[in-house]
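[1] Any chance you can model this:
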Amino acid sequence: MKQYAIAFTAPGKAELQEREWIPPDLKTDQLLLETECTLISPGTERDNLLGLTDGKFPKYLGYSAVARVLEAGDDSGFRRGERVAVYHSIHASHLVKEARDLVRIEDDDLPSHAAVFCVIAAMGLQGVRKARPEFGESMAVMGLGLLGLFAVRCASLNGLFPLIALDFNRKRRELAKEFGADEVFSPDDPELIAKIKNLTGGQGVDTVVEVTGNPDALNTALDFTAPFGRITLTGCSRTPTHEIDFYHKVHRPGISIIGAHNMARPRHDARPGYWTMREDMALLLRLFAAGRIRPESLINGIASPADAPAIFDRLADGNPDLLGTIFDWKNFHLNGD
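    Purely as a prediction, here's the structure:
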């Protein structure tokens, strides 16, 4: 069997690799999958592409895939031919995954190019969940990449008001309005703090979902969070945050700062604010199928895996328009083999 995979082979360099591949003997809880499509996660994949994480190469990155089951282990709970969403896949034509990383796509009418967003959407959703918002509380979402935009939509469905979204990029602010934000601002607006407090009766927002990955964003969030408010640190800042005045900005106003990395989840037995990854993925697939969340509006390109070097060149350059880029492995196989 041939396997094609996208590899980061050096800082800023991506390649599509081809190799003869003999799948390993499956364990009883494993499955052999044929990929239909994968989705780029721009923030994390750019950091890894540029060597900003550990500097080791080659790397095989990826978050989200939709695939068909070719073979299933006896205890996997899946059957051959079923379509599944795959958590922490790599960009590759074939995969071997454990059943715990898969969620069955129940609705045959849900396009794979929509279903593939459920992994990244779950990462934004858990940032909202961990803030434990109540209906009618106010919220700000900082950073409107894919995670932030899904956080906005999930917050809107939760009845957060006013719902405020922040990003430097105008197109992303416009998308946030489409996803349910009441007001949008650029973080460099000189009147940002005053405008947010004016929208919230002078108090500031009750909750903040910080998804920028910028180490300095927390200081800004503390400036417009209401007393006893909660901030979830959902984005991955890979450098330290300096010079926070904890006494005046955290202790005195009683602010809660909550680590909201997506891996900080129970694997089983969800509890309020902390659902399992598979439960959130399954919920989002149902919301996509029902039209309550429309990820298709975030697609800005469907590409052949053969185009990966050029696409990752643009990502390395920091192109802000590379938001929802999908590799179409199904049609690549049909045309390439």
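
[2] quick one: the longest helix along the chain to chain centroid distance?
    Longest helix of the chain, by residue count under DSSP state H: helix 277-290. Offset of helix 277-290 from its chain centre (C-alpha atoms, centre = their mean, to the nearest Å): 14 Å.

[3] Same question for stretch 131-146.
    Averaged C-alpha coordinates place stretch 131-146 at 15 Å from its chain's average position (C-alpha atoms, centre = their mean).

[4] So which elements touch the longest helix of the chain?
    Contacts defined by 3 or more C-beta pairs under 8 Å, 6 or more residues apart in numbering; DSSP states H and E place helix 277-290 against strand 83-87, strand 102-104, helix 112-115, helix 118-129. Yep, even glycine has a C-beta here, placed from its N, CA and C like the rest.

[5] change it to 6 Å
    Packing partners of helix 277-290 (3 or more C-beta pairs under 6 Å, 6 or more residues apart in numbering; DSSP states H and E): strand 102-104, helix 118-129.

[6] just checking, which of those sits deepest inside the structure?
    Stretch with highest mean neighbour count among the helices and strands packed on helix 277-290: helix 118-129 (a mean of 28; mean count of other C-beta atoms under 10 Å).

[7] And for the helix or strand just after that one, what's in contact with it?
    Downstream of helix 118-129, the first helix or strand assigned by DSSP states H and E is strand 139-142. Contact with strand 139-142 is made by 148, 151-152, 155, 160, 163-166, 205, 207-210, 212, 217, as judged by C-beta atoms under 6 Å, 6 or more residues apart in numbering.

[8] So residue 95 is in contact with residue 31, correct?
    No. Counting by C-beta atoms under 6 Å, residue 95 stays clear of residue 31, with 8.4 Å between them.

[9] neighbour count winner among those two?
    Taking other C-beta atoms under 10 Å, residue 95 and residue 31 do not tie; residue 31 has more neighbours (27 against 23).

[10] how about the helix or strand harbouring that one: buried residues?
    Using DSSP H and E, residue 31 maps to strand 30-39. For strand 30-39, burial by neighbour count (16 or more other C-beta atoms under 10 Å) applies to 30-39.

[11] now stretch 219-234
    Going by neighbour count (16+ other C-beta under 10 Å), the buried part of stretch 219-234 is 220-222, 224-226, 229-234.

[12] State the mean pLDDT of that stretch.
    For stretch 219-234, mean pLDDT rounds to 97.

[13] do stretch 119-127 as well
    97.

[14] Does residue 37 touch residue 115 like I think?
    No. Counting by C-beta under 6 Å, residue 37 does not reach residue 115; the two are 8.7 Å apart.

[15] what do the two both touch?
    Counting by C-beta under 6 Å, 6+ apart, the residues touching both residue 37 and residue 115 are residue 66.
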